[in-house]
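Colleague: no sequence on this one, just coordinates:
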Ligand code: C2E
Ligand code: MG
Ligand code: MG
C-alpha cells in the first residue's frame, strides 16, 4: 500500500520513530533488571554455598565427637579386643540409634568391614566410594546412597579396629539446609554420569534428566526460572556426589515487576501523547499545504477572484509560500487582463480594434438595433507611406484618432485596425444623419497638420453601410463598408454609401476573374466566325474569329467583359494560345476540304508585349501545317498605343513571317494615321461606332469617308465593321471601302453554320461585283 497523503506519512514517521525509541528504552530496562536479578541470585547462591559448607562442617564435627565418645568407651573397646562380635554389634546399634546415625560400621585391625548396623540384601554393606570432606568427615557412597561419614580408631592401647558412623544425605538434611540457607537443595549421586539417586526440596527437581544439571547455570522448571550453583562433594570415578543449591528468580524479578509495569505504562502514555502530537503537527503542516494546493488549482482554472491566505497567519516558509502564491495570482490576473485588453485594442492608437467592433456590432445586430458602420481611411495611403515613412503616417493617425475621439457622439465606438483604417460604429443612427456626421468628422481631420517639419493636408475618405437595412452579417457589413470606401473620392464625394448593385457587379467580376483561368480546361470556350465581305467582288475571302465563353453557372459571358478581366488577371496569354490553336485546327480542317479562308483573330496588347509571342505563333502554324498567309492578327488601336516600340518589334517579326496584320477599332484611340504608317499593318478596321448609324451628311460619314481615303493613300485596305443595313453596305461600297463586316452580312456563327452560309452568300452578294463603284486599291 502506498501512502499518498503527506499528513499520514508525517504521522507514521513521527509515531514510528517514537515507538522505536520507547521500545529500545523498554528493552534496555527489561534486560538490565533481569541481569540485576540474576546477579542478586548468584550472590545469594554464593552465600548459600558458604552456609551449606559451614553447616555440613558443624554437623561433621558434632558427629565426630559422638563417634569418638563411642570409641573411647571401655566396655566397647574390651568387646572389640576380645573379638566379641555380637556385643560389638549391639553396642554399635545402641550408639547409632543414640546419635541418629543411619549406619554404623565396624572395621577390624586389618581394615576389613566386619559389622554394618543396617546391612544390605546380602547381609553386608558395600562401601563403593569414599572421599574426605573436611578434617573430621568423609563423604561415602554406600549401597549407591550418599552418606556423611565420621570415623574413629579404637585403641587398646594399640589400634584394634575402627568404627564409623554414617548419616544419609536425606530429605530431612535437605529440608534443614533449606531452612538455614534459604535456598532449595538437591543431592545427586551418580554413577558414570547417570543419576543413581537424587532428592530435593523442590519436588519438580527429582525429574531432571540425568546429566542436564552439569553445565546449566539457569534452568526452567514448570515454567519457573531458577539459578543454581553446584558443589562437588565426591568425585571418584565412576562415582560422584553433588549438591545443588537452587534459587528461584521469581521473587527477585517480582521486585522489578512494578518498575516494569510503570515503565510500560509510561511508554504507552508517551506513545499516545506523541501520537496525538504527531497528528496535530502533521495536520498543522499538511492542512496549509492542502489549502495552498487548492488555491493553485483554482488559479489554474482561471479563477483569480479570491485571496490566497492561511487560516492561521504563519511567519514560516508555508506563510511565505502562501504570500508568493497570492502575489502570483495577482500578477497573472493583471497579465490576463492586459492580454484581454490587447486582444481588443490596437497598440498604436490605444483605440479598440476590429475584434471589439465585431463583438459590439454582433450584439447590436442580435439585439435588433439599427445603425451605421463607417470605415475611414487616408486617400492614397501607400503613397503617403512611401513619401514620408511609416512613422510619420503613424503619428498622423494618432493625432487624427485624438481629434476624432474628442468629437465622438454618444452611442458610438471608434476603432482603428491597421489596413482598414478607422472603423466607426454609430448605433441607433439613420443613414442621412450618419453621412452628415461622418462628413463633419472628416472635416475635422482635413485641417492642415505639421508633423516633424512636414506640412500635410491629409485627405480622409469614408464608406458607410447601414444595418440591418443593407446587411446584417458582421463580416458582410465590414466588407460593404470597405467597398463603399473604395467608391469614395476626395472632394464632394469623400463620404460614399454602399450600393448593392455595385456589389453585385463586383461579385460577378470577382468570380469571372477567378474562373477565367479554368475556362479552357473546363471546355467552356468556343470560337465563332464572322465573314468579311469583299465589296468589290461580293466574295468572302476572310473571316474574323471571335471567342465565346459559356460559364457553367452564369451562362454566355461577353468578350468585352471577360477579355479585360483576363488581361487584368494575367490569363490572357492562355486564352490567346487556346484561340490560336482552335483557329489553326479549323483552318487546317477547312483546307483539307478545299475551303480557303483567311482567319483573323484578335490579340491583346499584352500578347504583343511578350517578346516570345511571334515565335509561339510561328510554332503553332508549323504544328498545324498552316501557311502564314491564312492567318491575320487584329490589334486594337489603343493596344498599339500602349507600348508602341515593344509592340512594333513583335509586329515586325509577325509580318516578316508572312502573317497579315490589322488595326482594330480604329477611331477610338488617339493615334494618327501618320503614326500608323510606320507600322507594318495591311488592314485598317473602322470601329463599328462610326458605322452603326451611318447616314449621309453625318459626322460619322465624314470621318468614315476621309478615313477610307487617307488609308487608301497609305496603301491600307479598309474594313468597316458594324454594318447592320444594306444602305450602309452600299454607302461604304460607294465610298470605296474594301471589306464589310456586320450583322447585315452575317452574325458571328459556328464553323459549320459558316460553311453553309458561304454557299448561299455567293449568290446573295454576286450583284455587288456588277455595281458601279469608286476607285479603290486592290487588297493586299
Ligand atoms: P472586335 O474585334 O472589334 O470584334 C467585332 C465585334 O463587333 C464582335 O463583338 C462582333 O460580334 C461585333 N459585331 C460585328 N458586326 C456587328 C454589327 O453589325 N452590329 C453590332 N452591334 N456588333 C457587331 P464580340 O464578338 O462581342 O467581340 C467583342 C470584342 O472582343 C472584339 O471586338 C475583340 O476586341 C474582343 N475579342 C473577341 N474575341 C477575342 C479573342 O479571341 N481575343 C481577343 N484578344 N479579343 C477578342
Ligand atoms: Mg476584331
Ligand atoms: Mg472592332
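Modeller: Happy to help now that I have it. These numbers come from a predicted model, not from an experiment. Ligands and ions are numbered 1, 2, ... in the order given.
Colleague: who are the packing partners of the helix or strand hosting residue 288?
Modeller: Taking DSSP states H and E as the criterion, residue 288 maps to helix 250-300. When contacts are defined as 3 or more Cβ pairs under 8 Å, 6 or more residues apart in numbering; DSSP states H and E, helix 250-300 sits against helix 6-72, strand 224-236, helix 317-344. Using the backbone N, CA and C atoms, a C-beta is placed for each residue, glycine as well.
Colleague: residue ranges for the helices of the stretch 401-550 of the chain, please.
Modeller: Here the stretch 401-550 of the chain has its helices, by DSSP state H, counting those that start in this stretch, at 431-445, 474-487, 500-515.
Colleague: how distant is the first one from the center of its chain?
Modeller: In other words, helix 431-445. Computed by Cα atoms, centre = their mean, to the nearest Å, the chain-centroid distance of helix 431-445 equals 53 Å.
Colleague: next one: the longest one
Modeller: Here helix 500-515 shows a centroid-to-chain-centroid distance of 47 Å under the convention Cα atoms, centre = their mean.
Colleague: residue 597 contacts residue 543, correct?
Modeller: Yes - at 5.5 Å, residue 597 and residue 543 qualify as touching, with contact defined as Cβ atoms under 8 Å.
Colleague: tell me which of the two has more neighbours.
Modeller: Between residue 597 and residue 543, counting by other Cβ atoms under 10 Å, residue 543 is the more crowded of the two (28 against 20).
Colleague: follow-up on the earlier one: looking at the helices and strands packed on helix 250-300, which is nearest to ligand 1?
Modeller: Closest approach to ligand 1 among the helices and strands packed on helix 250-300 is made by helix 317-344 (50.3 Å; Cβ to the nearest ligand atom).
Colleague: buried sites along that closest one?
Modeller: For helix 317-344, a neighbour-count test (16 or more other Cβ atoms under 10 Å) marks 318, 321, 322, 325, 326, 329, 344 as buried.
Colleague: ok, now stretch 55-74?
Modeller: Within stretch 55-74, the residues scored as buried using 16+ other Cβ under 10 Å are 55, 56, 59, 60, 63, 64, 66, 67, 68, 70, 71, 73.
Colleague: chain neighbours aside, what residue packs nearest to the fourth one?
Modeller: In other words, residue 60. Excluding its sequence neighbours, the residue lying closest to residue 60 (Cβ to Cβ, 6 or more residues apart in numbering) is residue 137, at 3.2 Å.
Colleague: name the nearest residue to residue 308, ignoring sequence neighbours.
Modeller: Nearest residue to residue 308 in three dimensions, chain neighbours excluded: residue 326, at 3.8 Å (Cβ to Cβ, 6+ apart).
Colleague: ok, residue 533 to residue 735 distance?
Modeller: Residue 533 sits 15 Å away from residue 735, going by Cβ to Cβ, to the nearest Å.
Colleague: those two - which one has more neighbours?
Modeller: Remark: of residue 533 and residue 735, residue 533 carries more neighbours, 27 against 21, as counted by other Cβ under 10 Å.
Colleague: is that one bridged to anything, and to what?
Modeller: Legend: beta-bridge partners of residue 533 under DSSP bridges are residue 740.
Colleague: measure the most centrally placed residue in the chain to ligand 1 for me?
Modeller: Nearest to the mean C-alpha position of the chain, counting by Cα atoms, centre = their mean, stands residue 300 at 14.7 Å. If you measure residue 300 against ligand 1 using Cβ to the nearest ligand atom, to the nearest Å, the figure is 67 Å.
Colleague: name all residues that make contact with the closest residue to residue 761 other than its chain neighbours.
Modeller: Using Cβ to Cβ, 6+ apart and skipping the chain neighbours, the partner closest in space to residue 761 is residue 540 (5.7 Å). The neighbourhood of residue 540, defined by Cβ atoms under 8 Å, 6 or more residues apart in numbering, consists of 531, 532, 533, 534, 597, 758, 761, 765.
Colleague: A helix includes residue 245, no?
Modeller: No - counting by DSSP: H, G, I helix; E, B strand; the rest coil, one finds residue 245 to be strand, located in no helix.
Colleague: can you count the residues close to it?
Modeller: As a burial measure, residue 245 scores 25 neighbours (other Cβ under 10 Å).
Colleague: near ligand 2 too, which of the buried residues of stretch 55-74?
Modeller: Residues of those in contact with ligand 2 (Cβ under 5 Å from the ion): none.
Colleague: output the residues you listed as JSON lines; include the columns distance to residue 572.
Modeller: Listed next are the buried residues of stretch 55-74 as JSON lines, based on distance: Cβ to Cβ, whole Å:
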{"residue": "55", "distance to residue 572": "148"}
{"residue": "56", "distance to residue 572": "148"}
{"residue": "59", "distance to residue 572": "153"}
{"residue": "60", "distance to residue 572": "154"}
{"residue": "63", "distance to residue 572": "158"}
{"residue": "64", "distance to residue 572": "160"}
{"residue": "66", "distance to residue 572": "163"}
{"residue": "67", "distance to residue 572": "163"}
{"residue": "68", "distance to residue 572": "166"}
{"residue": "70", "distance to residue 572": "168"}
{"residue": "71", "distance to residue 572": "169"}
{"residue": "73", "distance to residue 572": "174"}
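Colleague: farthest pair in the residues you listed?
Modeller: Using Cβ to Cβ, the two most remote members of the buried residues of stretch 55-74 are 55 and 73, lying 28.1 Å apart.
Colleague: now residue 661, nearest residue through space, not along the chain?
Modeller: Closest residue to residue 661 apart from its sequence neighbours, by Cβ to Cβ, 6+ apart: residue 681 at 4.4 Å.
Colleague: phi, psi of the one you found?
Modeller: Here is the backbone geometry of residue 681 (degrees, to the nearest 10): phi -100, psi 160.
Colleague: how far away is it from residue 530?
Modeller: According to Cβ to Cβ, residue 681 stands 20 Å off from residue 530.
Colleague: residue 392: what secondary structure?
Modeller: Of the three states, residue 392 takes helix according to three-state DSSP.
Colleague: okay, now the domains of this protein?
Modeller: Following automatic domain parsing, the chain resolves into domains at 34-203+212-252, 257-341, 354-501, 523-668+741-769.
Colleague: give the buried residues for stretch 538-546.
Modeller: 538, 539, 540, 542, 543, 544, 545, 546.
Colleague: so that stretch, near ligand 1 or not?
Modeller: Yes - Stretch 538-546 is in contact with ligand 1 by Cβ under 6 Å from any ligand atom, via residue 546.
Colleague: let me see the mean pLDDT of that stretch.
Modeller: Stretch 538-546 comes out with an average pLDDT of 96.
Colleague: what do you get for stretch 708-720?
Modeller: Average pLDDT, stretch 708-720: 94.
Colleague: same question for stretch 427-439.
Modeller: Stretch 427-439 shows a mean pLDDT of 94.
Colleague: ok, and what's touching it?
Modeller: Residues outside stretch 427-439 that contact it (Cβ under 8 Å, 6+ apart) are 364, 369-372, 374, 376, 409, 411-413, 424, 426, 462, 464, 466, 469, 494-495, 497.
Colleague: now list the buried members of those residues.
Modeller: Going by neighbour count (16+ other Cβ under 10 Å), the contacts of stretch 427-439 have 364, 371-372, 374, 376, 412-413, 424, 426, 462, 464, 466, 494-495, 497 buried.
Colleague: what number of residues lie near residue 768?
Modeller: Applying other Cβ under 10 Å, we find 19 residues neighbouring residue 768.
Colleague: that one belongs to a helix?
Modeller: Yes - counting by three-state DSSP, residue 768 falls inside a helix.
Colleague: pLDDT weak spots in this protein?
Modeller: Residue ranges of the chain with pLDDT under 70: 1-3, 204-216, 773-780.
Colleague: can you tell me which residues in it are near ligand 1?
Modeller: Within reach of ligand 1 by Cβ under 6 Å from any ligand atom, the chain has these residues: 530, 546-547, 558-560, 563, 579, 601-604, 634, 664-665, 688, 721-724, 741-743, 748.
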